[in-house]
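>>> need a structure here:
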Amino acid sequence: MMGRLAKFSISAVALSVLLVGCTTHNMPVVQAPQTPAAENVSAQESAAGEVWRQYYEANVFDSGSTKTPYQMMLPEQFDPQKNYPVVLFLHGAGERGNDNQAQLNNGGKLFAEHRSDFPAIVIFPQAPAEDYWAAAIADRSQLPFSFDYPYTGENDVPATDALKGVMAITDWLSEQPFVDTSRMYLMGLSMGGMGSYELLARKPDTFAAAVIICGGANAELAGNIRSDLPVWAFHGDVDQVVIPEYNIRMVEGLKAQGNPVKFTTYPGVNHNSWDPALAEPGLLPWLFSQKK
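All right, here's what the predicted structure looks like:
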């Protein structure tokens, strides 16, 4: 277990649950966010179409060795006596920073708009500007960019500090009575897709399914991902930032060991395959139907 847990909280309403655990831990308070009242939403926010952000609340998860900013949305009428699925979403490189807001730019609206359809605990951590979710070495000197992925799942290449923070959050979630550990899902795009592949290998027994958008990894990593894990991968076929081959080799490796894999490519699409991927009408029904 982690040496110390920070307060992992949502403070919008009076409903709160003090989780009782080991006395050596600072156990979190979890509260359910209210549906925002129309009068509390500014005209500027409404005009910008950003009302959905009101369903999320920001905090920082302190594991003792890492501090990870995150945004979390709880289900409507959150009941701590029930079990809920979890979605962990890893953003791309462009959303890194310390504002604890940008990570919601891609994907945050999707889950907020379907909050009633798919009640879940949805978490968007944020990586610092100088770090990366995956142990990746990038060459951006010319297009197409190239990446080297030194972590194979068999060697001792350490996780980045950013991914260590995510792993700490994942460990904490796995211990909570209100989390359905048979329905923990992982999503990531671009840098987050790379980090998602790596996290699936570092935590092979944790997730029930994964969605990987324009990601990639060392081809050897596939053999260290649980062989019954469903994966839906997406890529633009003319991507010059993360070339499709990085994703294709993972898809092929996973299929070879028996993973149920779907792979969707978008003809003529460069790096931004997340917009069409997140707009796929079958995406959320597929994801939430998976169970470990």
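
>>> in the stretch 151-292 of the chain, which spans are strands?
For the stretch 151-292 of the chain, applying DSSP state E, counting those that start in this stretch gives strands covering 179-189, 209-213, 231-236, 261-266.

>>> distance between the second one and the chain's centre?
By that I understand strand 209-213. 9 Å (C-alpha atoms, centre = their mean, to the nearest Å).

>>> so that strand versus strand 179-189, what angle?
10 degrees (axes from the mean of the first three to the mean of the last three C-alpha atoms, to 10 degrees).

>>> The strands of the stretch 151-292 of the chain: which one's closest to Gly97?
strand 179-189 (16.1 Å; C-beta to C-beta). (Each C-beta comes from the backbone N, C-alpha and C, glycine too.)

>>> Now do the closest one: which elements does it pack against?
strand 84-90, helix 161-174, helix 191-202, strand 209-213, helix 283-289 (3 or more C-beta pairs under 8 Å, 6 or more residues apart in numbering; DSSP states H and E).

>>> For the first one, which helices and strands make contact with it?
Where contact means 3+ C-beta pairs under 8 Å, 6+ apart, strand 84-90 is packed against helix 108-113, strand 121-125, helix 161-174, strand 179-189, helix 191-202.

>>> Now the third one: average pLDDT?
When pLDDT is averaged over helix 161-174, the result is 97.

>>> what's the answer for the fourth one, then?
Confidence for strand 179-189, expressed as mean pLDDT, is 98.

>>> got the buried residues for that strand?
179-181, 183-189 (16 or more other C-beta atoms under 10 Å).

>>> Rebuild those as a markdown table, extending it with distance to Ile225.
Shown next, in a markdown table, are the buried residues of strand 179-189 (distance: C-beta to C-beta, whole Å):
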| residue | distance to Ile225 |
| --- | --- |
| Val179 | 21 |
| Asp180 | 21 |
| Thr181 | 18 |
| Arg183 | 18 |
| Met184 | 15 |
| Tyr185 | 15 |
| Leu186 | 11 |
| Met187 | 15 |
| Gly188 | 14 |
| Leu189 | 18 |
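
>>> I'd like to know how far the most centrally placed residue in the chain sits from Val242.
In the chain, the residue lying closest to the centroid (C-alpha atoms, centre = their mean) is Phe89, at 1.7 Å. Distance of Phe89 to Val242, computed by C-beta to C-beta, to the nearest Å: 17 Å.

>>> cool, and Gly64?
Distance, Gly64 to Val242, by C-beta to C-beta: 33 Å.

>>> who has more neighbours, the two?
Higher neighbour count among Gly64 and Val242: Val242, with 29 against 12, using other C-beta atoms under 10 Å.

>>> for that one, phi and psi?
Phi and psi for Val242, reported as degrees, to the nearest 10, are phi -120, psi 100.

>>> Next: Glu95.
The phi/psi pair for Glu95 (degrees, to the nearest 10) reads phi -100, psi 10.

>>> What's the local residue count around it?
Neighbour number of Glu95 under other C-beta under 10 Å is 23.

>>> Thanks a lot, see you next time.
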